[in-house]
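Asker: let me see the structure of the following:
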Amino acid sequence: MAFEIEKKFLLKPFNIENFLKKAGLNYKSFDISQFYILDSNTPIRIRKVGKKYFLTIKKGEGLIREEFEREITKDEFENILSNHKDICSLYKTRYKVKIGKKNYEIDRFEKWLKGLFFLEVEFKEKREAKYFDIDKRFKQFILEDVTEDKRFSNFFLAKNQNIPSLQKCEKILNIEEIAPLCSTKEASKTILHSLFRRAEYYKEKILSSEDDIENLHQLRVSLRKMLVFLKEFKEFFQKEWYTAIYFHTKEIMSLTNKKRDIDVLLSNFDEYLLHLPPSMKNYLKDFKNRLQEIQQKEQNSILRFFKSDKFKNIKNLIDSISFTAKANFPIIVTSYKIITKREKKIFLLAKSITKNTPAYKYHELRIQFKRIRYLLEFFSHFYHKRETQTFIKNCKNIQDILGRHQDLEVQRDHIKEFLKERDFPFDTILSVGKLIGDMEFEELKQRKLFRKLYKKLSKKLKSSIIF
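Answerer: Sure thing, here's the model as predicted:
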């Protein structure tokens, strides 16, 4: 047997190919399917590397290990798999890069290990490994040297189906302070507590008779972020707990929907009037008064709800979160898996959008942008700072455009509904009809703005080192 001297580093998730291209580094890549035979005295590894097959036996742990390896045929490989029942596996893509005299091997794992990245470097002698200084281009991605941590060996990962978390954040109160290697369980508690505290703050401002529409808006933003986080991380929560908290949070959002829509409509009302001829403006006073009556009625309903104990139900649930076993994975691994999945969905949906696409599709896309933006805001300190901030900014701009588009759509529907509730004079109905037509024209402008901005963003996404 030969000795293998190797250092292993746990990396932040990133787009390896785009990074290597931007860094001007040549590389070779190939897929690896790796299997461990457990029903033998010494664990045997067989794997397919590109189009070749190998059998390997390793002994020892840490920096220096004994290794025996030989190439086998495809038939031998398949026979070994078929003749053993106790087998565990993992799948990854390996990128080999030569820098100076050193070979850097970067592994990007797939399937249940997606989001896990390693960098491995082999050495001829122990002293060389001890004084090794990693290339500065890779330093920005290093999370931890896990050479001596057997839990990060491929064998342990495959056998235990667990990625250990290495940092604690039980006492962390702010989202920005969450460490990348703390567990998804601890990070989730911090995020939900932080968002609910913010929602409670604005609830108290509303109850203290501060009828500022911004207070309700900010409360809704906090609860909306909670809903996004809950939905995206659903697999990490116990089903009954998730169903309960999602229902209570959604109940508040539903209760406040109409008030928020009327707040936006009335805040934009004077702007809409600018599009009408002077002769029509006077006919809309009665219509505006009716909107203000409904606004006050909705405000009273919200106040009654906030004075009840129902809001406390959410806090009680957050204090008693129940998780699945997957929640022990490091938050940086689980968040990256979720964020990249959301980015792919946005890309596919946006490709099908045209100026004639139904409004609900634009709204669906807006929700997707909102979700990925919130996720990146939660975890932006884990990834490449400049690229993450730029992407968040672009998401916000697109979200504003699509939000304006959605507001116009919803407000037109509300206006049509209000017209049915009461017998308005003919001149008022005529004026409102002109207003609706102007709003439809403004919607078309927002659609055009979106397509223009997304075209620029999609180019950046293709070369991003985040996704």
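
Asker: buried residues, stretch 187-197. List them.
Answerer: For stretch 187-197, a neighbour-count test (16 or more other Cβ atoms under 10 Å) marks 187-196 as buried. (Glycine included, C-beta is placed from N, CA and C.)

Asker: try stretch 307-325
Answerer: Buried residues in stretch 307-325 (16+ other Cβ under 10 Å): 311, 313-315, 317-318, 321, 323.

Asker: okay, among these, which ones form the most distant pair?
Answerer: Farthest-apart pair in those is 311 and 323; separation 23.8 Å (Cβ to Cβ).

Asker: tell me the secondary structure at residue 71.
Answerer: At residue 71 the chain is in strand, as set by DSSP: H, G, I helix; E, B strand; the rest coil.

Asker: residues touching it, list them.
Answerer: 52-54 (Cβ atoms under 8 Å, 6 or more residues apart in numbering).

Asker: most neighbours among these, which one is it?
Answerer: Neighbour counts for these (other Cβ atoms under 10 Å) peak at residue 53, which has 19 neighbours.

Asker: so how far is residue 166 from the closest residue in space to residue 165 that isn't next to it in sequence?
Answerer: With sequence-adjacent residues excluded and distances taken as Cβ to Cβ, 6 or more residues apart in numbering, residue 165 is closest to residue 183, at 4.0 Å. Taking Cβ to Cβ, to the nearest Å as the measure, residue 183 falls 10 Å from residue 166.

Asker: what touches both of the two?
Answerer: Residues touching both residue 183 and residue 166 (Cβ under 8 Å, 6+ apart): residue 330.

Asker: name the nearest of the buried residues of stretch 187-197 relative to residue 260.
Answerer: Within the buried residues of stretch 187-197, proximity to residue 260 (Cβ to Cβ) peaks at residue 195, which comes in at 17.9 Å.

Asker: which SSE is immediately downstream of the helix or strand hosting the closest one?
Answerer: Using DSSP states H and E, residue 195 sits within helix 184-207. Downstream of helix 184-207, the next assigned helix or strand under DSSP H and E is helix 213-232.

Asker: got the CA positions of that following helix in CSV?
Answerer: C-alpha atoms of helix 213-232 as CSV (Å, rounded to 0.1, in the frame of the first residue of the first chain):
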residue,chain,number,x,y,z
ILE,A,213,-49.8,53.2,6.4
GLU,A,214,-46.0,52.5,6.6
ASN,A,215,-46.4,50.8,9.9
LEU,A,216,-48.8,48.2,8.4
HIS,A,217,-46.6,47.9,5.4
GLN,A,218,-43.5,47.1,7.5
LEU,A,219,-45.5,44.6,9.7
ARG,A,220,-46.6,42.8,6.5
VAL,A,221,-43.1,42.8,5.1
SER,A,222,-41.8,41.0,8.3
LEU,A,223,-44.6,38.5,8.2
ARG,A,224,-44.2,38.0,4.5
LYS,A,225,-40.5,37.2,5.0
MET,A,226,-41.5,34.7,7.7
LEU,A,227,-43.9,33.0,5.2
VAL,A,228,-41.2,32.9,2.6
PHE,A,229,-38.7,31.4,5.0
LEU,A,230,-41.2,28.9,6.3
LYS,A,231,-42.2,27.8,2.8
GLU,A,232,-38.6,27.5,1.5
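
Asker: quick one: distance of it to the chain centre.
Answerer: 16 Å (Cα atoms, centre = their mean, to the nearest Å).

Asker: which strands or helices does it pack on?
Answerer: helix 184-207, helix 239-267, helix 359-379 (3 or more Cβ pairs under 8 Å, 6 or more residues apart in numbering; DSSP states H and E).

Asker: nearest to residue 436, out of those helices?
Answerer: Checking the helices and strands packed on helix 213-232 against residue 436 by Cβ to Cβ gives helix 239-267 as the closest, at 12.1 Å.

Asker: so where's the stretch 51-200 of the chain shaky on pLDDT?
Answerer: Applying pLDDT under 70 to the stretch 51-200 of the chain flags residues 64.

Asker: can you pull out the strands in it?
Answerer: Taking DSSP state E, counting those that start in this stretch as the test, the strands found in the stretch 51-200 of the chain are 52-59, 64-72, 87-99, 102-109, 117-123, 142-145.

Asker: Provide the strand pairings for the first one, with the direction of each partner.
Answerer: Spelled out, that is strand 52-59. Sheet pairing of strand 52-59 (DSSP bridges) gives strand 44-49 (antiparallel), strand 64-72 (antiparallel).

Asker: output that strand as CSV - backbone C-alpha positions only.
Answerer: This file holds the C-alpha atoms of strand 52-59, laid out as CSV (Å, rounded to 0.1, in the frame of the first residue of the first chain):
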residue,chain,number,x,y,z
LYS,A,52,-13.1,4.5,-15.8
TYR,A,53,-13.7,2.2,-12.7
PHE,A,54,-11.6,1.8,-9.6
LEU,A,55,-11.4,-0.3,-6.4
THR,A,56,-9.8,1.4,-3.4
ILE,A,57,-9.0,0.4,0.2
LYS,A,58,-7.9,3.1,2.6
LYS,A,59,-6.7,2.8,6.2
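
Asker: what's that strand in contact with?
Answerer: Contacts for strand 52-59 (Cβ under 8 Å, 6+ apart): 1, 4, 42-47, 65-74, 76-77, 80, 155.

Asker: would you map out the domains in the protein?
Answerer: According to automatic domain parsing, the chain comprises the domains 2-160, 175-462.

Asker: how far does the first one sit from the chain's center?
Answerer: Looking back up the chat, that one is domain 2-160. The chain centroid and the centroid of domain 2-160 are separated by 28 Å, computed with Cα atoms, centre = their mean.

Asker: again with stretch 419-434
Answerer: In terms of Cα atoms, centre = their mean, the centre of stretch 419-434 is found 45 Å from the chain centre.

Asker: would you mark the buried spots in that stretch?
Answerer: Of all the residues in stretch 419-434, those buried under the rule 16+ other Cβ under 10 Å are 419, 424, 428, 431-432.

Asker: surely residue 13 meets residue 118?
Answerer: No: Residue 13 is beyond contact range of residue 118, at 11.2 Å (criterion: Cβ atoms under 8 Å).

Asker: the two: which has the busier surroundings?
Answerer: Per other Cβ under 10 Å, whichever of residue 13 and residue 118 has more neighbours is residue 13, with 25 against 19.

Asker: dump the residue contacts of the more buried one.
Answerer: Residue 13 makes contacts with 115-117, 332-333, 336, 340, 383, as judged by Cβ under 8 Å, 6+ apart.
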